[in-house]
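# only geometry, no sequence info:
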């Protein structure tokens, strides 16, 4: 019994623990400017810039070639900027609220659960918004110009739940990646980030070398094509879970520093 007590303690949830967890969520969302309004403004600015580009292409292209020219926008990656910002939000939620949470007698376990719940809620909200905008873009024929931002090939063109799943998983991935990075910094400062970055670089280079030496790039391309956006994004759940677990265990020994 005593051998499993520590693990049981990690997972046990009491009413008081649930209250502390929800307190962390409220603390993380208290600055709605950075977690709600700024991402919306960033996405609106990205859409505006893309719309101007589409309009220039539309006006400068002969009518017979406009459809072909606008098809190229399916490969535009402007929509990824919002995920970069959410990576920063994941870092900020942990690094900025962790010291305050400890001051309110919140345990590290409850803090991580609260941060994870925050990421889940934000991912659901923004995935719904992103998916709705993708249908509006589709129904208006690319906002009247045939452009693609929310309906690019990276985000799928399936039904609502398919589009929601793709964006939801991608958001969860960047949130937990940012949060795990923040815990590494709090635990080992810059040295921890540098070591983690070096290990990740070595793994990536090793995989690239393996694929190159085995002449497997055609097979890799076929795999991506066969899996499609949904299948490829589903694999992001693996590093997402790893980041969540790593962040939790690193945070248990992390100490906030000024």
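The structure has been received and is ready for your questions. Note that the structure is a prediction, hence the values are computed from the model and not measured.
# I'd say residue 58 and residue 143 touch.
No - in this structure, residue 58 is not within contact of residue 143 by Cβ atoms under 8 Å, at 10.5 Å. Where C-beta positions appear, they are placed from N, C-alpha and C, glycine not excepted.
# measure the nearest residue to residue 150 once chain neighbours are set aside to residue 163 for me?
Closest residue to residue 150 apart from its sequence neighbours, by Cβ to Cβ, 6 or more residues apart in numbering: residue 134 at 3.8 Å. From residue 134 across to residue 163, the span is 5 Å (Cβ to Cβ, to the nearest Å).
# which residues do the two both contact?
155, 157 (Cβ atoms under 8 Å, 6 or more residues apart in numbering).
# What segments of the stretch 51-200 of the chain are helices?
Counting by DSSP state H, counting those that start in this stretch, the stretch 51-200 of the chain has helices at residues 66-71, 81-103, 108-139, 160-213.
# Flag the shaky bits of this structure, pLDDT-wise.
Scanning the chain with the threshold set as pLDDT under 70 gives 1-15, 257-258.
# pretty sure residue 164 contacts residue 129?
No - using Cβ under 8 Å, residue 164 is not in contact with residue 129, being 10.1 Å away.
# okay, these two: which has more neighbours?
residue 164 (20 against 15; other Cβ atoms under 10 Å).
# how close does that one get to residue 100?
32 Å.
# cool, and residue 65?
Taking Cβ to Cβ, one finds residue 65 at 57 Å from residue 100.
# And those two? Which one has more around it.
Taking neighbours as other Cβ under 10 Å, residue 65 and residue 100 compare with residue 100 leading, 15 against 9.
# out of everything not next to it in sequence, what's closest to the more buried one?
Residue 100 sits nearest to residue 27 (Cβ to Cβ, 6+ apart), 6.2 Å away.
# now swap in residue 188 and tell me
residue 195 (7.5 Å).
# Let me know how buried that neighbour is, in neighbour terms.
12.
# I'd say residue 23 and residue 117 touch.
No - the pair formed by residue 23 and residue 117 falls short of the contact definition of Cβ under 8 Å, at 11.0 Å.
# Contacts only, for residue 142.
Counting by Cβ under 8 Å, 6+ apart, residue 142 has contacts 54, 70, 73, 148, 151.
# biggest separation within the residues you listed, which pair?
54 and 151 (12.7 Å; Cβ to Cβ).
# State whether residue 186 and residue 99 are indeed in contact, as I suppose.
No - using Cβ under 8 Å, residue 186 makes no contact with residue 99, being 9.3 Å away.
# Need the residues touching each of these two.
In contact with both residue 186 and residue 99: residue 256, using Cβ under 8 Å, 6+ apart.
# one step back: for the contacts of residue 142, pick the one with the most neighbours.
residue 148 (26 neighbours).
# helix, strand or coil for residue 256?
Classification of residue 256 by DSSP: H, G, I helix; E, B strand; the rest coil places it in coil.
# Can you give me the distance of it to residue 101?
From residue 256 to residue 101 the distance is 9 Å (Cβ to Cβ).
# and what of residue 194?
Residue 194 is 27 Å from residue 101, by Cβ to Cβ.
# Buried residues of stretch 224-243, list them for me.
Across stretch 224-243, burial judged by 16 or more other Cβ atoms under 10 Å covers 229, 232-233, 236, 240, 243.
# how far out from the middle of the chain is that stretch?
12 Å (Cα atoms, centre = their mean, to the nearest Å).
# Quote the end-to-end distance of it.
From its first residue to its last, stretch 224-243 covers 23 Å (Cα to Cα, to the nearest Å).
# residues in contact with it?
Against stretch 224-243 from outside (Cβ under 8 Å, 6+ apart): 153-156, 158, 162, 165-166, 169-170, 172-173, 176-177, 179-180.
# Just give me how far stretch 196-206 sits from the chain centre.
On Cα atoms, centre = their mean, the centre of stretch 196-206 falls 20 Å from that of its chain.
# Report the buried residues of it.
residue 196.
# again, but for stretch 181-190
Result for stretch 181-190 [16+ other Cβ under 10 Å]: buried residues 181-188.
# Fine by me, we can end here.
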